[in-house]
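Chemist: give me the fold of what follows.
(one chain, ligands or ions: 1)
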Amino acid sequence: MTHLAIFASGTGSNARKIIEHFKNSPDVRVALVVSNKKDAGVLDIARAHDIPTQVLARKMFYETEDLLGILKQHDIGFIVLAGFLWLIPSYLVQSFDKKMVNIHPALLPKYGGKGMFGRHVHEAVKANGETETGITIHYVNEHYDEGDIVFQARCPVRPEDTPEDIARKVQQLEHQHFPLVVEHLVRAS
Ligand code: GAR
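Modeler: Model (predicted):
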């Protein structure tokens, strides 16, 4: 049995899809949900599914390696970043080499890096007149959005699309693909 931890800062719609996807899995279980925000919606989703939660303080995350002990207690073998907005410190990158993935709501290497999250990404895609956008799932390294890419999916951007329209299309792609790609990567890891 592989135990997953999901890290998320926001509403957690992707976390929810992943939790539901693995609910009846014989060999993969979401065993911990970690957030840097104590009022993040994702924590309510975790509690509703009886999944343990951990709220991170910045000092603990960046100035200690205490999180490694917590992940060990839950026997975590794979980490999924699903809308987690803090940069991952190197002790965690090294401990989960090729066992930690992030999803990004654009076709990296375009529209990545610090500050490029959520609607900022879709507004930039619109402002630049892109004709397509999509999602990228990539391994995590010490830099924002720069680890090896493992999966991309695309959708068209029409001239009349607003950033909200683009966000909706991208979110659909995320929900469709992220749980399946995670399953594939966990099995291969
Ligand atoms: C997702 O669209 C994800 O791609 C994005 O945050 C959203 C979280 O939504 N991540 C980033 O922008 C990372 N740079 P959710 O809380 O509904 O899953």
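
Chemist: Gly77 against Thr2, yeah?
Modeler: Yes - when contacts are counted by CB atoms under 8 Å, Gly77 is listed as touching Thr2 (4.7 Å). C-beta: built from backbone N, CA, C; applies to glycine.

Chemist: how about the residue in the chain positioned nearest to the ligand, phi and psi?
Modeler: Ranking the residues of the chain by distance to the ligand (CB to the nearest ligand atom) places Gly83 first, at 2.5 Å. When read as degrees, to the nearest 10, the backbone of Gly83 gives phi 80, psi 40.

Chemist: neighbours around it, how many?
Modeler: Counted by other CB atoms under 10 Å, the residues lying close to Gly83 total 24.

Chemist: how about the one 4 residues further on?
Modeler: For Leu87, the tally of surrounding residues (other CB under 10 Å) stands at 14.

Chemist: mind listing what the nearest residue to it once chain neighbours are set aside touches?
Modeler: Nearest residue to Leu87 in three dimensions, chain neighbours excluded: Tyr144, at 6.1 Å (CB to CB, 6 or more residues apart in numbering). Tyr144 makes contact with Leu87, Gly112, Gly113, Lys114, Met116, according to CB atoms under 8 Å, 6 or more residues apart in numbering.

Chemist: hmm, 10 Å instead?
Modeler: Residues near Tyr144 by CB atoms under 10 Å, 6 or more residues apart in numbering: Leu85, Trp86, Leu87, Ile88, Asn102, His104, Gly112, Gly113, Lys114, Gly115, Met116, Phe117.

Chemist: now, which of these lie within helices?
Modeler: Among the contacts of Tyr144, no residue falls in helices (DSSP state H).

Chemist: re earlier: which SS class is the residue nearest to Leu87?
Modeler: Using DSSP: H, G, I helix; E, B strand; the rest coil, the structure places Tyr144 in coil.

Chemist: what about it, distance to Pro179?
Modeler: Using CB to CB, to the nearest Å, Tyr144 is found at 23 Å from Pro179.

Chemist: check Arg158 too.
Modeler: As judged by CB to CB, Arg158 and Pro179 stand 27 Å apart.

Chemist: have a look at these two and say which one is more surrounded.
Modeler: Using other CB under 10 Å as the criterion, Arg158 and Pro179 rank with Pro179 on top: 19 against 9.

Chemist: just checking, that one touches Phe151?
Modeler: No - applying CB atoms under 10 Å as the test, Pro179 and Phe151 come out as separate, 11.9 Å apart.

Chemist: what values do phi and psi take at the nearest residue to His3 once chain neighbours are set aside?
Modeler: Spatial nearest neighbour of His3, chain neighbours left out: Ala31 (3.8 Å); criterion: CB to CB, 6+ apart. Ala31 adopts backbone torsions of phi -110, psi -10, taken as degrees, to the nearest 10.
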